[in-house]
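**Q** here is my input, please return the structure:
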Amino acid sequence: MSEKKGFNFNIIKNDPLDGHKGTNIGSISLDNIAPVFIDVENQKAFVDIGGMHARAEVEKGVKWITDKSQVEGEEAKAYWLCWVTTER
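**A** Numbers count the residues shown, from 1 in each chain. So this is what the prediction gives:
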């Protein structure tokens, strides 16, 4: 049996270290993360919190494909999605 490789981490709400002495080190708090979309063509960046649950405005009505050559329509646009995390 092959084991899945990749980056593994825990996602929890609130401060991952609150009340614990290192128990949740390596965890990411969703309170400090935001989806930043980049419109490649217009070189504009914007935050759409709906992206936290794949409900951003630019994700509505999208057909997900793996082959770029299958993209159809003149309205087709390229976006990059960056996850930004901040801490105080």
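**Q** run through the residues that contact the closest residue to residue 50 other than its chain neighbours.
**A** Spatial nearest neighbour of residue 50, chain neighbours left out: residue 56 (4.3 Å); criterion: C-beta to C-beta, 6 or more residues apart in numbering. Yep, even glycine has a C-beta here, placed from its N, CA and C like the rest. Contact partners of residue 56, counting by C-beta atoms under 8 Å, 6 or more residues apart in numbering, are 35, 37, 48, 50.
**Q** ranges for the helices of the protein?
**A** With helices called from DSSP state H, the chain shows none.
**Q** need the strands for the protein, in chain order.
**A** 11-12, 28-29, 33-39, 44-47, 79-85 (DSSP state E).
**Q** please tabulate those strands in CSV, including the columns mean pLDDT, mean neighbour count and distance to residue 70.
**A** Below are the strands of the chain laid out as CSV (pLDDT from 0 to 100; neighbours: other C-beta atoms under 10 Å; distance: least, C-beta to C-beta, whole Å):
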stretch, mean pLDDT, mean neighbour count, distance to residue 70
strand 11-12, 58, 12, 32
strand 28-29, 66, 16, 33
strand 33-39, 93, 15, 21
strand 44-47, 96, 12, 26
strand 79-85, 91, 11, 17
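**Q** what's the distance between the residue nearest to residue 38 when sequence neighbours are not counted and residue 39?
**A** Distances taken as C-beta to C-beta, 6+ apart place residue 80 nearest to residue 38, at 4.2 Å, with adjacent residues excluded. Distance from residue 80 to residue 39, counting by C-beta to C-beta, to the nearest Å: 9 Å.
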